[in-house]
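1. the amino acid sequence is not available; the structure is as follows:
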């Protein structure tokens, strides 16, 4: 596979983006992997590689670039109330959906000019804080986003501008929302409300609850990692992209 980290020009500056794609057979469908709150790290790069290995051109942007081009965190970011966790929270809590949608538009322009990515439908999926971003992108760019997935997305029903629960009906691509049964950032009442809104919007796709697992279950380095659930999440994601992107 071909791996590189390149700057994508946005209205706010240069956004470093890890790119992983097959060596042969270009152009490939583009997939945007949107990071969780701890940010870009080897764990996410490995996930990008797993997607690229089956035929996708995968982009993993550092969405924290506005706080400093190379903003990343050490392993202690996973320890609640550590100094690294507090530093991450100070940046994370200032983020809103509209600027990230501008970043998404910049990524679309980038892949369209790349030569190695298909200029047609794209896919996107996000974890934790980026679950809302992935679903919002499907609503903001319905002509391009053919598939979007949120895995244990946080606060999918909120008063945020472009909150996914307000824009579900605008998406024309297939949506997949995977929720952990135990998740204080996406509590059961919120998930129930979202399911009702999802059904009312007539959105293509599904909302699925993963029983017995906790927020973060798909990440091997987390205390809550659950291999069967993690592999189910991969099966759902691969099937979604296979249906809608056809690599």
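-> Cool, got the structure. Predicted model only: the values in this text are computed from it and were never measured.
2. wait, a strand at residue 9?
-> Yes - counting by DSSP: H, G, I helix; E, B strand; the rest coil, residue 9 is part of a strand.
3. tell me which residues touch it, please.
-> 15, 106, 110 (CB atoms under 8 Å, 6 or more residues apart in numbering). (Glycine included, C-beta is placed from N, CA and C.)
4. please give the element, helix or strand, for residue 157.
-> Here residue 157, judged by DSSP states H and E, is contained in no helix and no strand.
5. surely it is in contact with residue 167?
-> No - Residue 157 is beyond contact range of residue 167, at 11.8 Å (criterion: CB atoms under 8 Å).
6. neighbour count, pLDDT and distance to residue 238 added to the contacts of residue 9, as JSON lines?
-> As requested, the contacts of residue 9 are exported to JSON lines (neighbours: other CB atoms under 10 Å; pLDDT from 0 to 100; distance: CB to CB, whole Å):
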{"residue": "15", "neighbour count": "22", "pLDDT": "97", "distance to residue 238": "27"}
{"residue": "106", "neighbour count": "17", "pLDDT": "97", "distance to residue 238": "27"}
{"residue": "110", "neighbour count": "21", "pLDDT": "97", "distance to residue 238": "24"}
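7. so of these, which ones are in helices?
-> Under the assignment DSSP state H, the contacts of residue 9 contribute 106, 110 to helices.
8. nearest to residue 93, of the contacts of residue 9?
-> The closest of the contacts of residue 9 to residue 93 turns out to be residue 15 (CB to CB; 19.7 Å).
9. from what I can see the closest one touches residue 106, true?
-> Yes - using CB under 8 Å, residue 15 is in contact with residue 106, at 7.0 Å.
10. so residue 19: helix, strand or coil?
-> strand.
11. give me the pLDDT for it.
-> You'll see residue 19 listed with a pLDDT of 98.
12. got a list of what it touches?
-> Neighbours of residue 19 in contact, by CB under 8 Å, 6+ apart: 2, 3, 4, 5, 6, 57, 58, 59, 60.
13. helix/strand/coil for the third one?
-> Right, residue 4. strand.
14. would you mind measuring from it to residue 49?
-> In this structure, residue 4 and residue 49 are 13 Å apart, going by CB to CB, to the nearest Å.
15. looking at these two, which is more packed in?
-> residue 49 (15 against 9; other CB atoms under 10 Å).
16. now do the helices in this protein.
-> Using DSSP H, helices in the chain cover 42-52, 83-92, 97-114, 131-140, 164-167, 188-201, 227-245.
17. relative to helix 97-114, how tilted is the fourth one?
-> Comparing the axes of helix 131-140 and helix 97-114 via axes from the mean of the first three to the mean of the last three CA atoms, to 10 degrees yields an angle of 70 degrees.
18. which other helices and strands does helix 131-140 contact?
-> strand 30-34, helix 97-114, strand 122-127, strand 145-151, helix 164-167, strand 174-182 (3 or more CB pairs under 8 Å, 6 or more residues apart in numbering; DSSP states H and E).
19. likewise for the fifth one?
-> For helix 164-167, the contact count by 3+ CB pairs under 8 Å, 6+ apart identifies helix 131-140, helix 188-201 as packing neighbours.
20. looking at those, which is nearest to residue 239?
-> With CB to CB as the yardstick, what comes closest out of the helices and strands packed on helix 164-167 is helix 131-140 (16.4 Å).
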